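>>> test case, fold it:
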Amino acid sequence: MATIRELPSSEADTADTEGSGTIPRSDEDKAKAVDKCLEVLSRAKTDTEIFAALLLVTKLVQAEDTDAASRRKIFDGVGFTFLNRLIKTDKVPDGCDSSMYQSLAVTLLACFSTDPDLVTHPQMLNKIPVLKDVILSARTSVENVEKKSLIEDSFQILVAMATQDLGRKQLIGDGMVPALCDVYNKSYFGNEQAFSLLGILIEYCGEEIWETNRACLNELLSSMASEFKQIQDERKFKLCTRLTLLLASSNELVPGENAVWAWDIHHGLSDILKSKTGQSQRNPALKLASLLMCQLGVSWALGPQGSDKKLLLLIINLACVEVRMGLEDSSQNVSNRDILPACYSVLESCIEFMTCGPSLSLDEKQVLQLHNAMTGAFGAVLFFLKENQFEPEKVDDPLVRATVRVLSVWLAEETAALRNQVYDVLPFVLSVIEKSFEEAKISSDLKEATNHTTVAQYPLLKSSLASADLLRLMLPALCHLTADQEPRELLIMQGAMETCGKYFSYQWKQFEDKQGDQPEVALITLCNIFLNVSLQDTEAVKKAEVFTELYGLIANVLPKLAKQHENLVLSFNMAVLGLTLLKNLSNSASILDLSESKRFVGAVLQMFGNSHQCGKSGQCEIAPTYRQHWEDITELWMLGMQLLSECVGVFAWFASLFLQYDWMAAAVKLLTNVAGGGLDEETCTMYGVVLSSLCKHSSDVHSQLNQANGLELARKHNMLDLAVVLQAPPLDGPR
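Purely as a prediction, here's the structure:
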């Protein structure tokens, strides 16, 4: 490329004269100026003339009153051939700054970048590598005015690109994220602009920017955390907010045991939270602590030695105080309540940790203080929900939904405290979770329902305020509540069973589509909810159509499900619930469809009949395929055996299935092979109960068992009731 020589002052003056020297103000004058400028540019033949013309163009485009149409006209007229040469050349006239030509080109590009349509033009986007080199070329301080202007203009262009989808994709693809991290970590000139640009990319793209830049994230966290630990001025609070932004943008933060940054942040947060600070300084620290407890676990708050209980208790106490302040005072505005998602997250994490994690070994005073703080916070939660329950539009309020979420977590573990207050808001809570579920069915995503702006402003909304599957979170609480009469009757009256029925069908479809483990867990909990009602309120089962529909679903799917041993726990839950519904709905017309019911009962009998075997020592053992799950299904097996015995006396067709599906043959074989005393008391009792019921109501079973030395087996295993029944004639059918 020919060297661009220095523009002589006479030529520059001439060019300025031709361009009229001042920027025109009227629309007509501006149009003439644009045309004149483009004419000068089109007549330029040499590098010097083109350079002079570009000076005019730059002056015109920089004018604030140049409209988009004029700017576009100039953009099309300039052409990028010469601009590309200006950007790349490193040859300048003697005595001139080395970035003179590049600065002119970038200044012009910065002017064009103010137009959203122009900033994503291919000729603009292909300058990203050059702009990246520019911002990386700076050092701690830049004295040269030309260089400063070049860097600032470069950031202006990059920021403009980052506001456009196409621009963001190109920035990430061209390696801008590592460059920005480098500029910030090394405190280059423009490091504040670099972090601002990184923040924009995080706001719009979230974790995507770290997919191929995980090392950059860890390096950036390490650098910022180290500074956060050491400094003791206002910047400490600024770093608090920045660390929260970074941490919220990644869901895969798994620092190794020796990861220093996690403990540096712990140290810095301890400094803030244990000091006398105002709300504006304390809240960012609380948000950061909440986020780290959510992502790294509550054990992080205990410090590197796992013994800093004081900081953990302080965080919990502060969260409880903020919840009370934010919810009990109705005059609080939205900005004052933006700390609540973080506080809710703290409470959720701590409840889970205290119920499932290792003991904190708190003394009596600490336990009392913690209990009082938590009870006070959830008293405020219930107060807030009660205050909002008569406003229908509040079911869509993100804060209300977040409040219902944290209440669900608490109720899953605590249903005794504040019982009456809980009952007061149950109808409203049900309306909120039902609306959430209906929206979840429409949206295939149950986890994310916030836009990028909200998540950027409140990163913790992603976990606490998102329109998540609130009904799934409420299931454990519903399970506890349906075990007691008063809340159970209230839930039935409010239509909770119908909602749970719809949810059962929805989760079953999710389970069939193999959507992870959550559907199975939800289905098991739903079975327990319906079982609580079915066992304790038979009238409700007979009256509500949802129970009949649920039985139909279970009867239809269990025969296939029972063959899948990896789903044994779910199979047993559905089997026992199905038997309970079958017994309660004995007079229902739907049960008269015997073919489906018989297939269902046959599958149940095969499941229950294959559960035990005789071991080598003559002792009764759990069958190999059942052993892994036996702890979870022992009570279900006993309840199911009891229900089988009761159904024999209800349905005339029931007893024959024990013969048809070889349950009787398996039971006789087990009792024959197992030595006397080889059955544990509970197993022996349940076999005795079922066999006694069968012999009472079926002459065929009575006869076959006697032929198989049933009386001898009954005496061998001390089944006294069975021995009596075998010596008496059968009733031959249900009573």
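>>> just give the number of residues close to the nearest residue to Ala412 once chain neighbours are set aside.
Distance criterion Cβ to Cβ, 6 or more residues apart in numbering; nearest residue to Ala412, sequence neighbours excluded, is Pro476 at 3.7 Å. Every C-beta, even on glycine, is put in place using the N, C-alpha and C of the backbone. Neighbours of Pro476 under the rule other Cβ atoms under 10 Å: 18.
>>> and Asn126, how many neighbours?
Close neighbours of Asn126, defined as other Cβ under 10 Å, add up to 13.
>>> list the contacts for it?
Applying Cβ atoms under 8 Å, 6 or more residues apart in numbering to Asn126 gives no contacts.
>>> which of the helices and strands in this protein ranks last by mean pLDDT?
helix 452-457 (a mean of 33; mean pLDDT, DSSP states H and E).
>>> in what helix or strand does the residue nearest to Ala412 lie?
helix 470-481 (DSSP states H and E).
>>> for that helix, name the packing helices and strands.
Helix 470-481 is packed against helix 398-411, helix 419-442, helix 485-493, helix 496-512, helix 518-536, with contacts defined by 3 or more Cβ pairs under 8 Å, 6 or more residues apart in numbering; DSSP states H and E.
>>> out of those helices, which is the most enclosed?
Neighbour counts (mean count of other Cβ atoms under 10 Å) averaged over each of these peak at helix 398-411, with a mean of 23.
>>> export the helices and strands packed on helix 470-481 to TSV and tack on mean pLDDT and distance to Glu621?
Converted to TSV, the helices and strands packed on helix 470-481 look like this (pLDDT from 0 to 100; distance: least, Cβ to Cβ, whole Å):
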stretch	mean pLDDT	distance to Glu621
helix 398-411	95	40
helix 419-442	92	43
helix 485-493	95	39
helix 496-512	95	31
helix 518-536	96	25
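>>> which one of those lies nearest to Gly615?
Closest approach to Gly615 among those (Cβ to Cβ): helix 518-536, 29.5 Å.
>>> which other helices and strands does the helix or strand just after that closest one contact?
Per DSSP H and E, the first helix or strand lying C-terminal to helix 518-536 is helix 538-543. Packing partners of helix 538-543 (3+ Cβ pairs under 8 Å, 6+ apart): helix 518-536, helix 568-584.
>>> make it 10 Å
helix 485-493, helix 518-536, helix 545-561, helix 568-584 (3 or more Cβ pairs under 10 Å, 6 or more residues apart in numbering; DSSP states H and E).
>>> before we move on, the earlier item: dump the helices and strands packed on helix 470-481 to TSV, plus distance to Glu192.
Output for the helices and strands packed on helix 470-481, formatted as TSV (distance: least, Cβ to Cβ, whole Å):
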stretch	distance to Glu192
helix 398-411	31
helix 419-442	40
helix 485-493	55
helix 496-512	46
helix 518-536	42
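>>> closest one to Ala179 among those?
Here helix 398-411 is closest among the helices and strands packed on helix 470-481 (Cβ to Cβ), at 35.9 Å.
>>> ok, which stretches of the protein are strands?
612-614, 620-622 (DSSP state E).
>>> to Met293, which of those lies closest?
Counting by Cβ to Cβ, Met293 lies closest to strand 620-622 out of those; the figure is 39.9 Å.
>>> could you check how far the closest one is from the centre of its chain?
42 Å (Cα atoms, centre = their mean, to the nearest Å).
>>> could you do stretch 634-654 as well?
The answer for stretch 634-654 is 41 Å, by Cα atoms, centre = their mean.
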